[in-house]
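In: Sequence plus the predicted model coming up.
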Amino acid sequence: MYTKRVLPWVFTISLNSNTKYSVCLTEYKDDELSLLSLYKDKKSNMWYALKDAWHYTDIVSVHNNSWIKGKGKALMLSAIRRAKALWKEVRLDCFDWYLSNFYKSLGFKEIWRDKYNSQYDLNWELAKQFGEVDVVYYAM
């Protein structure tokens, strides 16, 4: 998968147009996104960002706004490769539903879990769509 770097405002447009799973994605302002490495697949509308932490790289805001299905593994392998080039340890987090098994299949191991907390679920949007799911943190 060939990815290219993109500008924060372009990434924001894509992130905000992902209506099906937008409740699952962290909202970032353009100034916050400017501190991340932002990537888009050159041939499709699939995206991810890398956040450089002090001793690991966090893969964030992975999303697919294209009609193309079945490319998630290639997109994640691209993100992992780029993340490992920054730091050896790679981390990510997600709500504990279908992505958990997918991330485990890529070699990620669970390192922490936060129980569902309605305080972070504005208008109960997450619970309405997906249930009261935990946040799971993974590393590889």
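Out: Yes, it's here.
In: Show me what the nearest residue to residue 114 once chain neighbours are set aside bridges to in the sheet.
Out: Leaving out its chain neighbours, the residue that sits closest to residue 114 by CB to CB, 6 or more residues apart in numbering is residue 135, at 4.5 Å. C-beta: built from backbone N, CA, C; applies to glycine. Residue 135 has the following beta-bridge partners by DSSP bridges: residue 95, residue 114.
In: quick one, what contacts residue 135?
Out: 93, 94, 95, 96, 113, 114, 116 (CB atoms under 8 Å, 6 or more residues apart in numbering).
In: And for the third one, the neighbour number?
Out: Neighbour count of residue 95, defined by other CB atoms under 10 Å: 20.
In: wait, it sits on residue 26?
Out: No: with contacts counted by CB atoms under 8 Å, residue 95 stays clear of residue 26, the gap being 11.4 Å.
In: hang on, the earlier thing: mark which of the contacts of residue 135 are buried, thanks.
Out: 93, 94, 95, 96, 116 (16 or more other CB atoms under 10 Å).
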